[in-house]
Each structure stands twice: as structure tokens, then as C-alpha cells.
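Chemist: need a 3D model of the sequence below.
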Amino acid sequence: RRPRLMSSLNSMQDHDDKSSDNIYLQQQHQYRHRREFSPEFQLEFEQLLHWRRDVRHFQKNTPVDETVLQRALSTAFNSAPSVGLSQPWRIVRVESDEAREAALRNFEEENAEALRGYNDKNNDEENDRGRKYARLKLSGMKEAPVQLAIFCDESTTKGAGLGAQTMPEMRRYSVVSAITSFWLTARSVGIGVGWVSILDAKRLSEDLGVEEDWVLVGYLCVGYPEEEDDTPELERCGWEMRMAIDDLVITSL
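Modeler: Predicted coordinates for the structure are as follows:
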């Protein structure tokens, strides 16, 4: 609060002081919810985005501190945007040997099927793609100390359908947004996250025994990475390259 003027001023000055105080308080009220971030923080945030990786190689014998994990989950999912404030995400911690083995079998079978899809092509380019695919490590499920299955509750009544009646897929997009927030939050404390998508989602839901209206959005492997790199692994392995933003922004007619 701005300090008041000294009481020795005359009544006119006192009146001006009170008016000035009222303006000051009004300005404080107007901007009390505004939060500005320093240029240093902005640069750090750019670096955080740049150094986020889809991690496949984890330190198998290094556990994730439960307090750190819970804080990352709470920070990310409690702050994430969601259509109609519906918070449709449901987070299942996959911890039992039985559940993890079922998820791993699911991945291995679907991964083998995907590889056959590349190898069945009758041209050299696709066959080369198949050889590259076979060399990729696409899951950290054998090593990651923490594994989370993230679902979208399609039947949630929270939010009363706001924004989802015309576009019900917005609930799933909300879950994706929350996962991305968690990904960055985890990375900020040195924890890696790998998103496994080569799965039979319906089968995994049945194996985990979740509600019928829950739809799998992502299976996350979480732990400390074996190494850090500012270049995506798929780029380093020659699978694909990033496009420039100028090639992806389209001006409407």
C-alpha cells in the first residue's frame, strides 16, 4: 500500500490524499489478478518446451519420489483447462505385476502387427521404413518405475455439457491438454514421460477393469531418463523431421 501523506498537511491536501488513495486502491483491485512473468522466466519456459522429450529409456532402478510425483500430478491436472470445467480425466496408476504384464503384452502384440504392416509393402521405400521401425524403441514399459493410464470419462455430468454438446470430442482434447501440462511439469523437475500409443485401447480398458464409459487417451511411462537430448529421438533415428512453423500456418481466404 502506498504510504499516506503526513498529517501536518492542510485539509485540502488531506482531501487530495484521500482521492489519490481511492484511485490507488481502485488500480490495485483492477490488477490484483494480473500475473506478469520476467524475461528470464520466459526464456526458461522456452527452454522447457524445447527440452521436453518423449522418453523411452528410463533408469530402471531409480524410483520417483512420491511427493514429487504427487505434486506434479496435482499442479498439472488441477490447473489444466477443460471444456465446461468438466475435468474429465481419470488417472489409473498401473502398479500390480499382473496389470503391467497385460499392458506390456498388449503393446508387444500391437507393435508386431504394426511392423508387419510396414514389411508387407512391395516397394523399397516402405521396406526401408520397416527396417527403421524395427530398430526403434517405442516403449519404456519394461523399465519405467511409474506407469499411468489416463482415461476420459465420456459420461461425466460435471460441467453440465457446456461446450461438449456440439463437440463431445472436446472432453478428450481436455485430457490431452492435461497430459501435456503434466509432461512439462514433470520435465521441469527432471522427470521424463513417454506416451505409449501402440495399444489396443479397448483391450487395455478391459484388462484394467475401468468403467465402460472411460476411453483411453494415453498410457504414460514415467521415470528418470537415462539421457537427455534437445533433439527428438525420431529425428535422431532418421524416422521423420520437424516442419518449420511457416509451412504449417495457413492464411484463410
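Chemist: please make it C-alpha for all contacts and neighbour counts, starting now.
Modeler: OK.
Chemist: quick one: the helices in the stretch 151-253 of the chain?
Modeler: Taking DSSP state H, counting those that start in this stretch as the test, the helices found in the stretch 151-253 of the chain are 170-188, 201-208, 233-236.
Chemist: so of the ones you listed, which one's packed in deepest?
Modeler: helix 170-188 (a mean of 21; mean count of other Cα atoms under 10 Å).
Chemist: would you agree residue 87 is in contact with residue 158?
Modeler: Yes - using Cα atoms under 8 Å, residue 87 is in contact with residue 158, at 7.4 Å.
Chemist: who's more crowded, those two?
Modeler: residue 87 (21 against 13; other Cα atoms under 10 Å).
Chemist: tell me the SS of that one?
Modeler: coil (DSSP: H, G, I helix; E, B strand; the rest coil).
Chemist: tell me the spacing between it and residue 175.
Modeler: Separation of residue 87 from residue 175 (Cα to Cα, to the nearest Å): 8 Å.
Chemist: do the same with residue 251
Modeler: Counting by Cα to Cα, the gap from residue 251 to residue 175 is 29 Å.
Chemist: got it, and residue 54?
Modeler: Taking Cα to Cα, one finds residue 54 at 17 Å from residue 175.
Chemist: could you point out which residue ranges in the stretch 51-200 of the chain have low pLDDT?
Modeler: For the stretch 51-200 of the chain, applying pLDDT under 70 flags the ranges 122, 126.
Chemist: now the strands for it?
Modeler: 89-93, 146-153, 192-196 (DSSP state E, counting those that start in this stretch).
Chemist: how far off centre is the last one?
Modeler: The one in question is strand 192-196. 10 Å (Cα atoms, centre = their mean, to the nearest Å).
Chemist: ok, back up a step: could I get the strands of the stretch 51-200 of the chain in CSV, plus columns for mean neighbour count?
Modeler: Below are the strands of the stretch 51-200 of the chain laid out as CSV (neighbours: other Cα atoms under 10 Å):
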stretch, mean neighbour count
strand 89-93, 17
strand 146-153, 21
strand 192-196, 25
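Chemist: pipe these into TSV and attach distance to residue 137 per row.
Modeler: Below are the strands of the stretch 51-200 of the chain laid out as TSV (distance: least, Cα to Cα, whole Å):
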stretch	distance to residue 137
strand 89-93	23
strand 146-153	17
strand 192-196	11
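Chemist: closest one to residue 61 among those strands?
Modeler: Using Cα to Cα as the criterion, the shortest distance between residue 61 and the strands of the stretch 51-200 of the chain is 11.4 Å, found for strand 146-153.
Chemist: residues contacting the residue lying closest to residue 134 once chain neighbours are set aside?
Modeler: Excluding its sequence neighbours, the residue lying closest to residue 134 (Cα to Cα, 6 or more residues apart in numbering) is residue 115, at 6.7 Å. The contact partners of residue 115, by Cα atoms under 8 Å, 6 or more residues apart in numbering, come to 130, 133, 134.
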